[in-house]
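Student: Predicted structure and sequence below. I'll ask about it afterward.
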Amino acid sequence: MMKNVILSACFLFIGSIAYAQNILEVRDVSRPDDVYPNANEEAAVVIRCDQSIQLAFTSSIDKSAKPFRSELEGTDSLYYIAFPTGNNYRGRLLTIYPRGYYTVDIPLRLKPQQLLTFHIGEPELLPVDTVCYQIHHDIGVDEIRNGNYSEARDQFVIARECNDCNKEENEQHISLVDSIVFYRKKGEEAFKQLDYVAAGDYYSKVLALNAYDTYAKNQRSLCAQKFSEECASLFSSAEYFYRAKDYQNAKTLYEKVIAKGCSNMGIAVERLNATNYMIEVKKTHPHVFTYEYSKDTPIGLSYGTYNYHKVGGFFQFDLNPSVFDVVRSDRKFRDEKFPEMNVSLGMTVKIVSPIWIHFGPGFTAKKYYGEFQEKRRADYKAAISPVMGITAKYGYVALRFTYQYRWSLKKDMKDFIGRDRISAGIGIAF
């Protein structure tokens, strides 16, 4: 008999332990239009529970979570608890102690005059929830507008557990929050690396997803300001080196201005072209100035540009000392030396370093003194004199050889003018 009593007691004890380990489910049954009117910027929480279950409350932040009112509604007890609101209370956790059950934790993010209602009970006894999702959805959307993305994501994660959850819409909101957080993080990283263009692009992507994000808006404006200042500094430094003829440093800075797409990149492109030309000039000495000599015109000068990558030009001028006698009117008939002058110009083209060719039209004038067709005459004879030649240039030294063909404008004076001439020149390249 005693054995049966002991066994019965054990079964009762085990049953009581099993009952004590039951878990209650929390269901948010708040309505969007619920309001807790007060003048103290407070919010209120209503806890609904079967009257057979006794409840006690504590808060992780507040000194007390004692209900200011309790009442019966049918078979349920309703507990009204008021809480202060504000940023200092964003981490509040309301803990409920139901006798005979595990404790229940409810995270709360309350706003002034907000009223939230929670129904706790055994899952099979709770009514079907029809407003849970909408509540958390609205709070989450509001948190996105306020830029509180962690809080917003928490609301959408909680909404997953609501019976009326719109899963597709809810997952889209979670994805939206994750994208915004990702772009903000990338923007911060780019800003720290002083890449203001990339940072501004990332903040623009944040604003495309949430136009209310004031932080992203301010950061994008700051990026534009920093980028403008950086461009101005680069261009100013480039101009300084350009004026100082430090073309290599100027080139580096102009290239940065162009690569960044600064507003003054058009001017930078022009300056860069000029800088590259001056760098090439220093390396290749394209300008050539030579003294030219030929048999009948021992006084000659030539100047030209002999570029490595594009066509250049030249000008050549030759004469003999008798020209100066003409100026002084100090000439006599039957003199053996006749005043002569040649002018030519044209293009220069690189063949293979260090050889260039030059070619172009020319003109020859030679004054005749003597008797012609039984008349005593003194006048100028002219010829078209195209030229062609080669130039060898190495370092600062240049050599030129030019062949000139002469086509007399008067056939009977072709022997006087001559058929052709060869000139040689030596000079400097710079």
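Tutor: The structure has been received and is ready for your questions. Numbering: from 1, shown residues only.

Student: Now do Leu115 against Ile422, distance only.
Tutor: In this view, Leu115 and Ile422 are 110 Å apart by C-beta to C-beta, to the nearest Å. To be clear about C-beta, it is placed using only N, CA and C from the backbone, and glycine gets the same treatment.

Student: So between the two, which is more surrounded?
Tutor: Legend: neighbour count by other C-beta atoms under 10 Å for Leu115 and Ile422, higher for Leu115 (17 against 12).

Student: Kindly state the beta-bridge partners for that one.
Tutor: When assigned by DSSP bridges, Leu115 has beta-bridge partners Ala44.

Student: didn't it look like it was pressed against Pro37?
Tutor: No. Counting by C-beta atoms under 8 Å, Leu115 stays clear of Pro37, with 9.1 Å between them.

Student: Which element, helix or strand, includes Phe314?
Tutor: Phe314 belongs to strand 312-319 when elements are defined using DSSP states H and E.

Student: Which positions within that strand qualify as buried?
Tutor: 312, 314, 316-319 (16 or more other C-beta atoms under 10 Å).

Student: shaky segments in the chain?
Tutor: Within the chain, the segments meeting pLDDT under 70 span 1-21, 125-131, 326-336, 369-378.

Student: Which neighbouring elements make contact with the longest helix along it?
Tutor: Using DSSP state H to define each element, the chain has its longest helix at helix 214-243. Using 3 or more C-beta pairs under 8 Å, 6 or more residues apart in numbering; DSSP states H and E, the elements in contact with helix 214-243 are helix 167-192, helix 196-209, helix 247-260, helix 265-284.

Student: any idea how far that helix is from the chain center?
Tutor: In terms of C-alpha atoms, centre = their mean, to the nearest Å, the centre of helix 214-243 is found 12 Å from the chain centre.

Student: What residues sit buried inside that helix?
Tutor: Residues of helix 214-243 classed as buried: 216-217, 219-220, 223, 226-227, 230-231, 234-235, 237-239, 241-242 (neighbour count, 16+ other C-beta under 10 Å).

Student: Stretch 388-396 now?
Tutor: Here stretch 388-396 shows 389, 391, 393 as buried, counting by 16+ other C-beta under 10 Å.

Student: and if you look at stretch 348-368?
Tutor: Residues of stretch 348-368 classed as buried: 348, 350, 354, 356, 358-360, 362-368 (neighbour count, 16+ other C-beta under 10 Å).

Student: What's the end-to-end length of it?
Tutor: With C-alpha to C-alpha, to the nearest Å as the measure, stretch 348-368 spans 34 Å from end to end.

Student: List the neighbouring strands of the longest strand along the chain plus their orientation.
Tutor: If you go by DSSP state E, the chain has its longest strand at strand 340-352. When sheet partners are counted by DSSP bridges, strand 340-352 sits next to strand 312-319 (antiparallel), strand 355-360 (antiparallel), strand 362-372 (antiparallel).

Student: Now do that strand and helix 265-284, the angle between them.
Tutor: 100 degrees (axes from the mean of the first three to the mean of the last three C-alpha atoms, to 10 degrees).

Student: how about JSON lines for the buried residues of strand 312-319, with distance to Lys111 added?
Tutor: JSON lines is the format used below for the buried residues of strand 312-319 (distance: C-beta to C-beta, whole Å):
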{"residue": "Gly312", "distance to Lys111": "79"}
{"residue": "Phe314", "distance to Lys111": "85"}
{"residue": "Gln316", "distance to Lys111": "91"}
{"residue": "Phe317", "distance to Lys111": "93"}
{"residue": "Asp318", "distance to Lys111": "97"}
{"residue": "Leu319", "distance to Lys111": "100"}
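
Student: Fine by me, thanks again.
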